[in-house]
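Trainee: okay, here's the prediction I keep looking at, along with the sequence it came from:
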Amino acid sequence: MLTVQPDTKPKGCAGCSRKIKDRYLLKALDKYWHEDCLKCACCDCRLGEVGSTLYTKANLILCRRDYLRLFGVTGNCAACSKLIPAFEMVMRAKENVYHLDCFACQLCNQRFCVGDKFFLKNNMILCQTDYEEGLMKEGYAAQVR
């Protein structure tokens, strides 16, 4: 955000073409904008808010969500095999990607909280209890043979 100096000639807004007489103006894509004129072409959200990121492609000015929705890479969830939209938050374990709701132990369906241990065995997500039980069974089976 830039401050308009009182002794400078007001700049023209790239969005509405009117002079910018406000105290603040935005500079994006080498053009000047009113705070209310710099908006996402899809959802109309204001892109001049603190922390906003502006994306541009195909002559569109977009917010992050709409940029990813239109141009981002999508993939499939390793647990349910359904499509994961590019803008959706995901969990990753090695090369596998999961919906947040699908990131759970695949034996007991226990959901994981931040900081919980999980294990990836034979491409399955396991909680610590199920992982350790599996090790016990494998260890016992190996001794019986």
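Mentor: In hand now; what should we look at?
Trainee: quick one, domains of the protein?
Mentor: Split into domains by the TED database, the chain comes to 1-72, 75-136.
Trainee: any chance of these in a markdown table, plus mean neighbour count?
Mentor: In this view, the C-beta of every residue, glycine as well, is placed from N, C-alpha and C. Putting the domains of the chain into a markdown table (neighbours: other CB atoms under 10 Å) gives the following:
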| stretch | mean neighbour count |
| --- | --- |
| domain 1-72 | 14 |
| domain 75-136 | 14 |
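Trainee: confidence-wise, which of these is weakest overall?
Mentor: Sorting these by mean pLDDT places domain 1-72 lowest, at a mean of 83.
Trainee: in contact with Gln110, which residues?
Mentor: Neighbouring residues of Gln110 by CB atoms under 8 Å, 6 or more residues apart in numbering: 104, 127.
Trainee: with Arg92 instead?
Mentor: Tyr98.
Trainee: name the residues linked to it by a beta bridge.
Mentor: Beta-bridge partners of Arg92, counted by DSSP bridges, are Val97.
Trainee: how far away is Ala93 from Leu83?
Mentor: 19 Å (CB to CB, to the nearest Å).
Trainee: excluding chain neighbours, what is closest to Gly12?
Mentor: Leaving aside its sequence neighbours, Gly12 sits nearest to Lys19 (CB to CB, 6 or more residues apart in numbering; 6.0 Å).
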